[in-house]
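> Need coordinates for the following:
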Amino acid sequence: MENVTLNEAVEIFLLDVEKVRKRASGTVKLYSDYLKPFIKFCNYKEIKEIQQITQAFCSEFVRESFVKNSAYTSKNKILFFRHFFSWVFEHYDISGKNPFKKIVVAKPKPVPRHFWTVEECEKIIEAAKNAECKCWFALMAFAGLRREESRLLRMENLANGKISLIGKGGKAATLPVSSRLQTHIDRYLAIRGTEPGALFPWLSNLLKAKERFIKRAVEKSGIKNTGIAHFHRFRHSFASNLLRIGRNIKAVQILMRHENITLTLNIYGHLLPSDLEQVVEM
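Prediction:
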């Protein structure tokens, strides 16, 4: 059985990544950056050989070193260290198990999203810059469209009380138009007309929709709600307001076009009815 130092293993591993596997230099730098704090932590604990590194030690390293990392970054780092130690056990005559094999990062608790009530959404819409902005805001607030999905709509996307579009990830969707939203659309079309083309000619020519549009509208509306005013908050408000009046969570998932219902529950589950005595009544 070999006595392998961590420094030796790291040096050979990075050479293997760079030469044998012909990875890009950026990958080598990334791996090196991941390994530097681990080496420093080992030196601090006076650990020099691979055989001294245990699962408990790695857990301590993760707890102390990943504090400021997002769950996504922490997961990627742990996957890397699993890969690194798998490589070590494959290339050296060492007994034992991969010390990172069973280490996981706890998923962060979902943070409740701030939203505007239906009444607040209406006030913000009325305070919008012009007719195009009013209808644009309404599409986000009462159909759950994303900012650019609604801004780039064409007249052809509105037909028979439905909105057809190509959304995030290139996925096609057809969404129903509520009577409340239809009122806003009809009011705007009375000004715009119904000729084909961009639904919002002025907005569609903007390279980037400026956040100042929503911030100014919120300020003008007089709403003193907690949280930051941003376009995506309309989308959060759409789902939140549906759940607050008891709409089915599966239906909300479909309307929001979430990949699975777990995502919808993680974001909006706190808004579901919690009175179990009422729930069990049939």
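
> would you list every one of the helices in the protein?
Taking DSSP state H as the test, the helices found in the chain are 6-15, 25-44, 55-65, 71-91, 118-126, 131-143, 147-151, 179-192, 201-204, 212-221, 232-244, 249-256, 261-268, 276-279.

> Highest mean neighbour count out of the ones you listed?
helix 131-143 (a mean of 24; mean count of other CB atoms under 10 Å). C-beta: built from backbone N, CA, C; applies to glycine.

> now that one: how far from the chain's centre is it?
23 Å (CA atoms, centre = their mean, to the nearest Å).

> and Leu199, what is it in contact with?
For Leu199, the contact set (CB atoms under 8 Å, 6 or more residues apart in numbering) comprises Cys135, Leu153, Arg154, Met155, Asn157, Leu158, Arg192.

> Next, find the distance separating it from Glu119.
26 Å (CB to CB, to the nearest Å).

> show me where pLDDT drops low in the stretch 151-282 of the chain?
207-209, 226, 273-282 (pLDDT under 70).

> what do you get if the cut-off is 80, keeping everything else the same?
Residue ranges of the stretch 151-282 of the chain with pLDDT under 80: 207-211, 225-227, 269-282.

> Quick check: mean pLDDT of stretch 126-139?
Average pLDDT, stretch 126-139: 96.

> ok, now stretch 71-85?
Here the average pLDDT along stretch 71-85 is 90.

> Identify the residues contacting it?
Counting by CB under 8 Å, 6+ apart, residues outside stretch 71-85 touching it are 13, 31, 34-35, 38, 53, 58, 62, 66, 69, 98-101, 103-105, 107-108.

> ok, 10 Å please
Outside stretch 71-85, the residues that touch it by CB atoms under 10 Å, 6 or more residues apart in numbering are 9-10, 13-14, 17, 30-31, 33-35, 37-38, 50, 53, 58, 61-62, 65-70, 94, 96-108.

> same thing with stretch 254-269?
By CB under 10 Å, 6+ apart, the residues outside stretch 254-269 that reach it are 107, 109-113, 115, 143-146, 149, 165, 167-169, 171, 173, 175-176, 235-236, 238-240, 242-244, 247-253, 272.

> redo that, cut-off 8 Å
110, 113, 143-144, 167-168, 171, 173, 175, 235-236, 238-240, 242-243, 249-250, 252-253.

> what's the spacing between that stretch and its chain's center?
Chain-centre distance of stretch 254-269: 12 Å, with CA atoms, centre = their mean.

> Any idea how far apart the tips of that stretch sit?
15 Å (CA to CA, to the nearest Å).

> Could I get the average pLDDT for stretch 99-110?
On average, stretch 99-110 scores 77.

> domains of this protein?
6-91, 118-277 (automatic domain parsing).

> and the shortest one, how far apart are its ends?
When you say that, I think you mean domain 6-91. 13 Å.

> now swap in stretch 46-61 and tell me
End-to-end distance (CA to CA), stretch 46-61: 13 Å.

> next one: stretch 89-97
One end of stretch 89-97 sits 8 Å from the other (CA to CA).

> wait, Glu64 sits on Tyr44?
No: counting by CB atoms under 8 Å, Glu64 stays clear of Tyr44, with 10.0 Å between them.

> and for stretch 11-30, what are the contacting residues?
By CB under 8 Å, 6+ apart, the list of residues contacting stretch 11-30 reads Tyr31, Ser32, Leu35, Phe84, Trp87, Val88, His91.
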